[in-house]
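*Asks:* let me see the structure of the following:
(2 chains)
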Amino acid sequence: AQTVTQSQPEMSVQEAETVTLSCTYDTSENNYYLFWYKQPPSRQMILVIRQEAYKQQNATENRFSVNFQKAAKSFSLKISDSQLGDTAMYFCAFAGNNRKLIWGLGTSLAVNP
Amino acid sequence: GAVVSQHPSWVICKSGTSVKIECRSLDFQATTMFWYRQFPKQSLMLMATSNEGSKATYEQGVEKDKFLINHASLTLSTLTVTSAHPEDSSFYICSGEAGTSGYNEQFFGPGTRLTVL
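*Replies:* Numbers count the residues shown, from 1 in each chain, chains lettered A, B, ... in the order given. Here you go, the predicted model:
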């Protein structure tokens, strides 16, 4: 069975600095997708970034980038130039052949002014 | 991205009553909709997967007679919590997925907070 592990329950970063959130996963599948979702206090789940496992190039979306290490089954999220609006819960998620999302427990990120 | 709405956003009900939550895809046709439950400061737990026109598939441990799911059209799915009890109080989130092959992005609703007194 697939599992997703986020080992950092809480993190904090100063505004304008860079922070990295870690995520590891376990699967026997070769083709899958990995995601980082943001859930702000409004509770609306927002897709931050997505990575297809068959792509070697790390995905990037503006200030958000990932470090995808397929062999190590690691998928970390780097947030550059952190902004106050980045304060939220961040969930790492995996989707395999059955298209169901498997979620990590989340990392609560606080961006301090 | 595509928009999914949920109604109501917040509901309080008495123990023993039933509550219906609607999930609508506003600008796309959702061939598949997912229902999640989220406890405070916890992750999302998938409750069931519904495909338009067919019976929902429930995850292990989820009571299908208690959580009735109907996916009557490509834009509407409903979750009815029957004979609700305080332990059913939670945050319920739906998502819609377009397409049937490969992986298609799930678009999430804003959630419904259910409080059972």
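*Asks:* all contacts plus neighbour counts: C-alpha atoms, from now on.
*Replies:* Fine.
*Asks:* ok so B:Glu87 is a helix residue?
*Replies:* Yes. Counting by DSSP: H, G, I helix; E, B strand; the rest coil, B:Glu87 is located in a helix.
*Asks:* which bits of chain A sit near chain B?
*Replies:* Taking C-alpha under 8 Å from any C-alpha of the partner chain as the criterion, the neighbours of chain B within chain A are A:33, A:42-46, A:91, A:95, A:97, A:99, A:103-106.
*Asks:* may I ask which of the residues you listed has the most neighbours?
*Replies:* A:Gly106 (29 neighbours; other C-alpha atoms under 10 Å in any protein chain shown).
*Asks:* how about that one, what does it touch?
*Replies:* A:6, A:8-9, A:89-92, B:42-43 (C-alpha atoms under 8 Å, 6 or more residues apart in numbering or on different chains).
*Asks:* out of these, list just those in strands.
*Replies:* In strands, defined here by DSSP state E, the members of the contacts of A:Gly106 are A:89-92.
*Asks:* surely B:Ile12 meets B:Val116?
*Replies:* Yes. Using C-alpha atoms under 8 Å, B:Ile12 is in contact with B:Val116, at 5.8 Å.
*Asks:* comparing the two, which residue is more hemmed in?
*Replies:* The neighbour comparison of B:Ile12 against B:Val116 (other C-alpha under 10 Å) goes to B:Val116, with 19 against 12.
*Asks:* among the residues of chain A next to chain B, which are in strands?
*Replies:* Using DSSP E, the residues of chain A next to chain B in strands are A:33, A:46, A:91, A:95, A:103.
*Asks:* burial check on the closest residue in space to A:Glu61 that isn't next to it in sequence, number of neighbours?
*Replies:* Take A:Glu61 and drop its neighbours on the chain: the residue closest to it by C-alpha to C-alpha, 6 or more residues apart in numbering or on different chains is A:Ile49, 6.6 Å away. Residues near A:Ile49, counting by other C-alpha under 10 Å, number 19.
*Asks:* what pLDDT is listed against A:Ile49?
*Replies:* Here, the pLDDT recorded for A:Ile49 equals 95.
*Asks:* partners of it in the sheet?
*Replies:* A:Trp36 (DSSP bridges).
*Asks:* now, the most widely separated pair of the residues of chain A next to chain B?
*Replies:* A:Ser42 and A:Asn97 (30.8 Å; C-alpha to C-alpha).
*Asks:* before we move on, the earlier item: isn't the residue nearest to A:Glu61 right up against A:Phe35?
*Replies:* Yes. Here A:Ile49 reaches A:Phe35: they are 5.8 Å apart, a contact under C-alpha under 8 Å.
*Asks:* tell me the residues of chain B that contact chain A?
*Replies:* Within reach of chain A by C-alpha under 8 Å from any C-alpha, chain B has these residues: B:42-44, B:102-104, B:108-111.
*Asks:* buried members of the residues you listed into PyMOL, please.
*Replies:* Under the burial definition 16 or more other C-alpha atoms under 10 Å in any protein chain shown, those of those that qualify are selected in PyMOL by:
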select buried, chain B and resi 43+44+103+108+109+110+111
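*Asks:* export the residues of chain B next to chain A to TSV and tack on pLDDT and distance to A:Asn58?
*Replies:* Formatted as TSV, those follow (pLDDT from 0 to 100; distance: C-alpha to C-alpha, whole Å):
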residue	pLDDT	distance to A:Asn58
B:Gln42	87	28
B:Ser43	90	25
B:Leu44	93	26
B:Gly102	62	21
B:Tyr103	69	19
B:Asn104	75	20
B:Phe108	94	25
B:Gly109	95	28
B:Pro110	95	29
B:Gly111	96	31
